[in-house]
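Peer 1: coords please:
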Amino acid sequence: MAGFEAFEPSVVVDEFARKIEALCVWGNTLLVGLSDGSLLFFEQQSGGNAVGASISTWQVTKVQKNFGKRGTAQLQALQDQPYLLSLSDEGVQLHSLPELQLVSAASRTGRAAAFSWDEGRQLLATAIKKKVITHQLDSSHTFTEMTEYAIPEAVAAISWVGSNILLGTAKNYWLIIPAPSQSVEVLPGQVMTIYPAVQPHLLFAAGSQQPPVIRGLSAGEVLITKDAVSYFLGPDGKPSRKTTLTWSQAPVALLATKMYVAALLPAAVEVKSISKIGAAAAEQMLLLPNMAIAAPTPAQDGSLYIASATDGGIRQLTPVPLERQAKLLAAAGDFQGALELLTLLEDEHTDAKLLQGVSSDKKGVPPVAARRQQLEDVLRLKFGYHLLAAGEPDEALTQFSMCSDPDPLLLLTLYPTLVPDKFKPLLPTSAYGEPLPDLPEAATAAAGNGPEGNFSSSKAGSGKSTAVAAAHVGVVVPYLLSHRTRLMASLQDAAAADGAAAAAAAALSSSRASSEACGTADTGVLNSIGNAGCSIGVSAANANGPKAARTSSETGSSSSSTAAAEPRSYQELQLIATVID
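Peer 2: I've put the predicted structure just below:
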């Protein structure tokens with residue numbers, strides 16, 4: 001989608017002198033493994049420039065030489081523990097952070113191609129040529145070998161998917177479904193738990209353009225790539241979604257967050273949405289060529305880190321705030337996607353980071369929940385106008401009604417032929433802090449509107465105009481009836497609370513003066529307004545409402561000054577009663 005932004009790229013380091021082989025994130029620290037075996041710690045430093053603007057730079061805070069024998073091919077920090085997994089020619093090792101003291105080494109993993117770590121079960125699966133070995137990390141942080149699996153082909157990529165292991169070779173994708181553990185009595189009274197080996201299942205052929213690419217996702221899903229198409233697979237090795245991701249080139253590597261997948265392509269970095277509730281059409285192309293190395297997991301703030309295999313440059317991809325993403329989607333016409341993105345915003349009571357510095361009593365910035373509700377209202381309003389222009393009035397009215405405080409007068413701005421001239425000043429020009437968009441002629445036609453005019457001209461016009469007006473009423477009356485009931489109740493509550501308030505006294509006087517008119521008024525109109533009663537609220541609506549409005553409109557006499565002198569709520573009630581009549 002043109003103009004959409006999911007991430008903002010920034011420079012960590014440019015044209016690094018030594019070749020980068022691996023990246024990973026540990027807290028706020030970026031760990032970089034080099035081809036000479038060194039491990040670097042990068043940390044972001046904040047400061048100001050000459051004009052006082054805040055800037056951030058990255059600096060190397062620690063260098064560990066000879067960390068990995070002949071380079072470090074893979075790095076991964078454990079999520080909830082200060083430990084680092086690394087892969088070099090010596091195999092998979094576990095080091096403490098930040099001291100980098102060797103804690104444990106996984107046996108028989110030397111010269112491995114890749115490993116995959118299951119955080120929940122503390123399980124390690126390592127691909128070594130034509131075999132896969134699994135290890136358990138126990139409470140003392142020691143690796144215990146569990147099972148070895150023989151594979152017909154040399155394994156190049158590996159990932160846990162649920163409790164199973166997905167493998168990629170140069171030719172095929174395979175799935176290992178581990179057998180349940182078994183207890184065997186090896187000596188009298190001595191029982192050993194064994195994990196039987198099983199044969200891998202052949203899934204399907206791999207692509208021919210690039211080596212196999214696998215990226216594990218949350219909730220037991222994995223993405224595999226065949227040429228320029230990525231497929232979602234479940235733990236059984238079968239497609240878990242009907243959709244696929246098609247890239248402009250075959251990816252070299254994939255990165256994933258909860259909502260997006262970024263594919264490292266030879267010429268660029270391409271981003272696509274994978275959220276089941278987010279905007280499926282949200283796409284972004286970042287002109288960052290030759291990026292081939294990726295940190296396996298996002299940082300705490302959702303940032304992704306990638307590096308070039310040629311010039312040693314490292315880039316940070318910082319996620320764009322969801323509110324801004326939603327506005328960008330709406331600007332591109334994807335209102336449904338924008339509204340769905342808003343549902344992912346954390347509530348103000350559950351995300352302290354979002355609340356920091358946005359309290360309603362600080363600099364006038366509303367709380368997160370209030371900002372989210374305001375934006376949702378604005379998006380629904382614009383979505384309604386968009387649907388109306390597309391010829392879907394019913395769907396448009398549904399969006400209007402889902403606003404937090406739906407105003408029926410907004411509906412009447414869509415049907416101006418129903419509004420007498422004296423009431424048109426009541427029609428809003430803005431809502432929820434945003435000006436109302438101009439209704440295109442296509443939307444007017446879609447809504448069934450005829451030429452602009454007052455209510456009497458619609459009624460007195462041709463049969464076609466009468467039919468159009470009837471269609472308008474059929475659309476808006478249910479919403480007006482609902483609002484009329486709430487408005488009358490609020491007026492009556494206000495009158496009771498104020499006692500002898502001037503508005504209530506004027507309404508009561510008008511009611512008594514019009515009692516005869518109430519008795520002879522059109523029965524259908526009175527029934528539509530409510531029980532044909534002469535209570536304060538109903539009488540106020542009827543006395544100067546439908547009958548007076550029609551008379552004024554049909555005779556051409558002006559009663560604008562009278563309407564302007566009445567409380568706005570009563571004027572709204574009169575307008576609604578006029579339309580219903």
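Peer 1: Tell me how many other residues crowd Ser159.
Peer 2: 23 (other CB atoms under 10 Å). For the C-beta atoms, the positions are set from N, CA and C on the backbone; glycine is no exception.
Peer 1: Check for me that Leu410 belongs to a helix.
Peer 2: Yes: Leu410: assigned to a helix according to DSSP: H, G, I helix; E, B strand; the rest coil.
Peer 1: any idea how far it lies from Leu426?
Peer 2: From Leu410 across to Leu426, the span is 11 Å (CB to CB, to the nearest Å).
Peer 1: quick one, which of those two is more surrounded?
Peer 2: Neighbour count, other CB under 10 Å: between Leu410 and Leu426, Leu410 has more, with 19 against 16.
Peer 1: Hmm, Gln93 and Gly110 touching each other?
Peer 2: No: using CB atoms under 8 Å, Gly110 is not in contact with Gln93; the gap is 10.5 Å.
Peer 1: who's more crowded, the two?
Peer 2: Gln93 (19 against 16).
Peer 1: my read: that one touches Leu85, true?
Peer 2: Yes: between Gln93 and Leu85 there is a contact at 7.4 Å, judged by CB under 8 Å.
Peer 1: Chain neighbours aside, what residue packs nearest to Ser107?
Peer 2: Leaving aside its chain neighbours, Ser107 sits nearest to Glu145 (5.2 Å; criterion: CB to CB, 6 or more residues apart in numbering).
Peer 1: The one you found: helix or strand, and which one exactly?
Peer 2: Per DSSP states H and E: Glu145 is located in strand 143-150.
Peer 1: How about Trp117?
Peer 2: Under the criterion of DSSP H and E, Trp117 resides in strand 114-118.
Peer 1: Run me through the strand neighbours of that strand, direction for each.
Peer 2: Using DSSP bridges, the strands paired with strand 114-118 are strand 123-128 (antiparallel).
Peer 1: Tell me which residues of the strand it pairs with come out buried.
Peer 2: 123-128 (16 or more other CB atoms under 10 Å).
Peer 1: Next: stretch 237-255.
Peer 2: 237, 240, 245, 247, 249-255.
Peer 1: now stretch 15-33
Peer 2: Here stretch 15-33 shows 16, 19-26, 29-33 as buried, counting by 16+ other CB under 10 Å.
Peer 1: now those in JSON lines, with pLDDT?
Peer 2: Converted to JSON lines, those look like this (pLDDT from 0 to 100):
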{"residue": "Phe16", "pLDDT": "81"}
{"residue": "Lys19", "pLDDT": "90"}
{"residue": "Ile20", "pLDDT": "93"}
{"residue": "Glu21", "pLDDT": "94"}
{"residue": "Ala22", "pLDDT": "96"}
{"residue": "Leu23", "pLDDT": "97"}
{"residue": "Cys24", "pLDDT": "97"}
{"residue": "Val25", "pLDDT": "97"}
{"residue": "Trp26", "pLDDT": "96"}
{"residue": "Thr29", "pLDDT": "95"}
{"residue": "Leu30", "pLDDT": "96"}
{"residue": "Leu31", "pLDDT": "97"}
{"residue": "Val32", "pLDDT": "96"}
{"residue": "Gly33", "pLDDT": "95"}
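Peer 1: any idea which of the residues you listed is closest to Gly333?
Peer 2: For the buried residues of stretch 15-33, the residue nearest Gly333 by CB to CB is Val25; the value is 35.4 Å.
Peer 1: Show me the beta-bridge partners of that closest one.
Peer 2: With DSSP bridges as the rule, Val25 is bridged to Leu30.
Peer 1: For it, give its distance to Val155.
Peer 2: For Val25, the distance to Val155 - CB to CB - is 26 Å.
Peer 1: cool, Ala299 as well?
Peer 2: Counting by CB to CB, the separation of Ala299 from Val155 is 29 Å.
Peer 1: Of those two, which one has the most company?
Peer 2: Between Ala299 and Val155, counting by other CB under 10 Å, Val155 is the more crowded of the two (25 against 19).
Peer 1: Can you name the residues that contact the closest residue to the more buried one other than its chain neighbours?
Peer 2: For Val155, ignoring the flanking residues on the chain, the nearest one in space by CB to CB, 6+ apart is Ala127 at 3.7 Å. Counting by CB atoms under 8 Å, 6 or more residues apart in numbering, Ala127 makes contact with 112-115, 151, 155-158, 167.
Peer 1: got any ranges where the stretch 301-450 of the chain has weak pLDDT?
Peer 2: Within the stretch 301-450 of the chain, the stretches with pLDDT under 70 are 346-366, 437-450.
Peer 1: what about the strands in it?
Peer 2: Ranges of strands in the stretch 301-450 of the chain, per DSSP state E, counting those that start in this stretch, are 304-308, 314-319, 430-431, 434-435.
Peer 1: Need the max-distance pair from the buried residues of stretch 237-255.
Peer 2: Of all pairs in those, the most separated under CB to CB is Gly237 and Gln249 at 25.8 Å.
Peer 1: Tell me which two of the contacts of Ala127 sit farthest apart.
Peer 2: Phe115 and Ile151 (14.7 Å).
Peer 1: which of these two has more neighbours?
Peer 2: Neighbour totals were compared for Phe115 and Ile151, and Phe115 leads with 25 against 20 (other CB under 10 Å).
Peer 1: thought that one was touching Leu94?
Peer 2: No: using CB under 8 Å as the test, Phe115 is too far from Leu94 to be in contact (11.2 Å).
Peer 1: Show me whatever sits in contact with both of the two.
Peer 2: Both Phe115 and Leu94 are in contact with 85, 106, where contact means CB under 8 Å, 6+ apart.
Peer 1: ok, now which ones touch Ala154?
Peer 2: For Ala154, the contacting residues are 113, 129-130, 169-170, by CB under 8 Å, 6+ apart.
Peer 1: contacting residues for the nearest residue to Gln64 once chain neighbours are set aside?
Peer 2: Ranked by CB to CB, 6+ apart and with sequence neighbours excluded, the top spatial neighbour of Gln64 is Leu39, at 4.3 Å. Leu39 is in contact with 31-33, 63-64, 67-68, 72, 86, 100, counting by CB under 8 Å, 6+ apart.
Peer 1: Spatially, which two of these are the most separated?
Peer 2: Val63 and Ser86 (15.4 Å).
Peer 1: Local confidence estimate at Pro478?
Peer 2: Listed pLDDT for Pro478 reads 69.
Peer 1: Might one say that Leu329 is in contact with Gly337?
Peer 2: Yes: counting by CB under 8 Å, Leu329 touches Gly337, with 4.7 Å between them.
Peer 1: Near Thr147, how many other residues are there?
Peer 2: Other residues within reach of Thr147, judged by other CB under 10 Å, total 18.
Peer 1: mind checking pLDDT for it?
Peer 2: For Thr147, pLDDT reads 95.
Peer 1: Not counting sequence-adjacent ones, nearest residue to it?
Peer 2: Computed as CB to CB, 6+ apart, the closest residue to Thr147 that is not its neighbour in sequence is Tyr195, at 4.2 Å.
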